[in-house]
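>>> predicted model follows, preceded by the sequence.
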Amino acid sequence: MKSTTARRMTLSVAVVAALTGVAACGSSDSGKGGKAAGGGAIHLSPVAAVLRTAEQSTDKADSAKVHSTMSLGNLMSVTGDGALAWGHGVKGNLTMTYTGGQMAQMMRKAGTPSMQARYLPDAYYVKMSEEFAQQMGGKHWVRYAYDDLAKFAGASGSYLKDQAQSSSPNQAVKMLLASGDVKKVGEETVSGVHTRHYAGTVNVADLAGRSSNLSADQLAALKKQLGQAGITTDSVDIWINDQNLLVKKTEKADTAKGALTSTASYSDYGVPVSAETPSASDTKDFKDLMKSLRTHGSGNTSSGSGTGTLS
């Protein structure tokens with residue numbers, strides 16, 4: 001029973017890790033208002049004006065094909081390929097493949113080196129392996145409701161929920177606008193496309209406070225968790241094409257688990273995206289999975305332990 005529970009826990013942690021990897025590719029909404037805090041009109045610098053135009057153009061594009069990579073120290077490396085739409089809440093499909101690190105080793109042992117990830121406005125779904133289905137009464141999909149993120153991982157889960165539900169290519173642009181620290185690096189060709197390259201450094205805790213919808217208590221707890229994780233700043237680079245659409249973005253940060261790096265490339269803006277809710281008869285809710293793990297003596301998987309599980 002213990003070995004079965006351990007395998008289940010490994011797969012469950014992988015679901016959260018995959019969600020974290022994709023959400024890390026975006027950021028929370030910095031707001032679309034055209035007024036400063038005091039109520040006056042915002043006077044944008046030339047660079048900020050360009051970014052604002054790119055933000056709005058990318059937002060209106062509604063969808064795109066995505067290729068992403070993310071690595072965190074020796075914990076994991078993961079790639080994602082697919083398409084996402086964000087016009088009416090995030091939806092889409094990505095294939096997540098673990099390519100290195102401890103998580104890849106665990107996933108290979110669990111028979112799930114790659115997973116189909118499906119995004120819908122209220123939840124994130126992952127299609128797991130046949131081995132997983134055999135342990136879950138024949139169910140292949142895990143449903144992770146965004147509202148359960150806060151319960152599973154405390155303040156960082158609340159922030160992750162905020163990120164996941166507003167994740168789109170223009171979020172990287174919004175991060176730089178919110179940071180107030182951005183410069184034009186130059187002009188470059190990326191994937192055969194002429195682009196303008198911009199870069200800046202984001203104070204992660206300050207950005208969370210300025211751009212999310214978290215309460216004061218949640219923000220205080222989040223800043224504490226970010227400090228414990230060793231995350232203080234996030235270096236962001238973006239490349240914008242002549243149609244003012246984001247072509248590529250990279251992020252780099254230092255954490256207590258090692259260097260965090262992520263890259264995402266976007267193409268085929270406006271591509272049709274379809275994502276249907278998996279059959280309820282073939283789906284296991286993550287919250288119920290956690291309850292079953294506690295019932296079988298897997299230890300403390302309460303709301304505050306989620307982040308620790310990934311240690």
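Sure thing, it's come through. Residues are numbered from 1 along each chain as shown.

>>> where does residue 111 land in three-state SS?
Recorded secondary structure, residue 111: coil (DSSP: H, G, I helix; E, B strand; the rest coil).

>>> wait, residue 288
Once three-state DSSP is applied, residue 288 turns out helix.

>>> what's the host helix or strand of residue 92 in contact with?
Element membership for residue 92, per DSSP states H and E: strand 91-100. The set of residues external to strand 91-100 that reach it, using CB atoms under 8 Å, 6 or more residues apart in numbering, is 14, 18, 21-22, 63, 66, 68, 71, 76-85, 104, 107-108, 113-121, 126, 273, 275. Just so you know, the C-beta spots here come from the backbone N, C-alpha and C atoms, and that holds for glycine as well.

>>> now do the helices in the stretch 151-300 of the chain.
170-179, 204-211, 216-229, 286-295 (DSSP state H, counting those that start in this stretch).

>>> per-residue confidence averaged over the last one?
Confidence over helix 286-295 (mean pLDDT, whole number) is 75.

>>> what of the third one?
Model confidence over helix 216-229, given as mean pLDDT, is 64.

>>> in contact with the nearest residue to residue 186 once chain neighbours are set aside, which residues?
Nearest residue to residue 186, sequence neighbours excluded (CB to CB, 6 or more residues apart in numbering): residue 197, at 5.5 Å. Counting by CB under 8 Å, 6+ apart, residue 197 touches 184-188, 237-239.

>>> please apply the same query to residue 274.
So residue 274 contacts nothing (CB under 8 Å, 6+ apart).

>>> any idea how far residue 59 is from it?
According to CB to CB, to the nearest Å, residue 274 stands 21 Å off from residue 59.

>>> with residue 143 instead?
28 Å.

>>> before we move on, back to that, is it possible to get CSV of the contacts of residue 197 that adds distance to residue 49 and pLDDT?
What follows is the contacts of residue 197, written out as CSV (distance: CB to CB, whole Å; pLDDT from 0 to 100):
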residue, distance to residue 49, pLDDT
184, 12, 94
185, 17, 96
186, 18, 96
187, 17, 97
188, 20, 97
237, 19, 95
238, 15, 95
239, 18, 97
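
>>> those in strands, which ones?
Using DSSP state E, the members of the contacts of residue 197 that fall within strands are 184-188, 237-239.

>>> filter the residues you listed down to the buried ones.
237-239 (16 or more other CB atoms under 10 Å).

>>> reformat these as JSON lines; add distance to residue 279.
Shown next, in JSON lines, are those (distance: CB to CB, whole Å):
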{"residue": "237", "distance to residue 279": "41"}
{"residue": "238", "distance to residue 279": "39"}
{"residue": "239", "distance to residue 279": "40"}
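
>>> looking at the residues you listed, which one is closest to residue 217?
For these, the minimum distance to residue 217 (CB to CB) is 32.4 Å, reached by residue 238.

>>> isn't the closest one up against residue 174?
No - assessed by CB atoms under 8 Å, residue 238 is found out of contact with residue 174, at 10.5 Å.

>>> now, of the contacts of strand 91-100, which are buried?
The buried subset of the contacts of strand 91-100 - by 16+ other CB under 10 Å - is 14, 18, 21-22, 63, 66, 68, 71, 76-85, 104, 107, 114-120, 126, 273, 275.

>>> just the pLDDT at the closest residue to residue 94 other than its chain neighbours, thanks.
Sequence neighbours aside, residue 82 is the residue nearest to residue 94 in space, at 3.7 Å (criterion: CB to CB, 6+ apart). On pLDDT, residue 82 comes in at 94.

>>> what pairs with the host helix or strand of residue 82, parallel or antiparallel?
Assigned by DSSP H and E, residue 82 belongs to strand 76-85. Sheet pairing here is set by DSSP bridges, and for strand 76-85 it gives strand 63-72 (antiparallel), strand 91-100 (antiparallel).

>>> got the buried residues for the last one?
By neighbour count, and taking 16+ other CB under 10 Å as the criterion, the buried residues in strand 91-100 are 91-94, 96-98.
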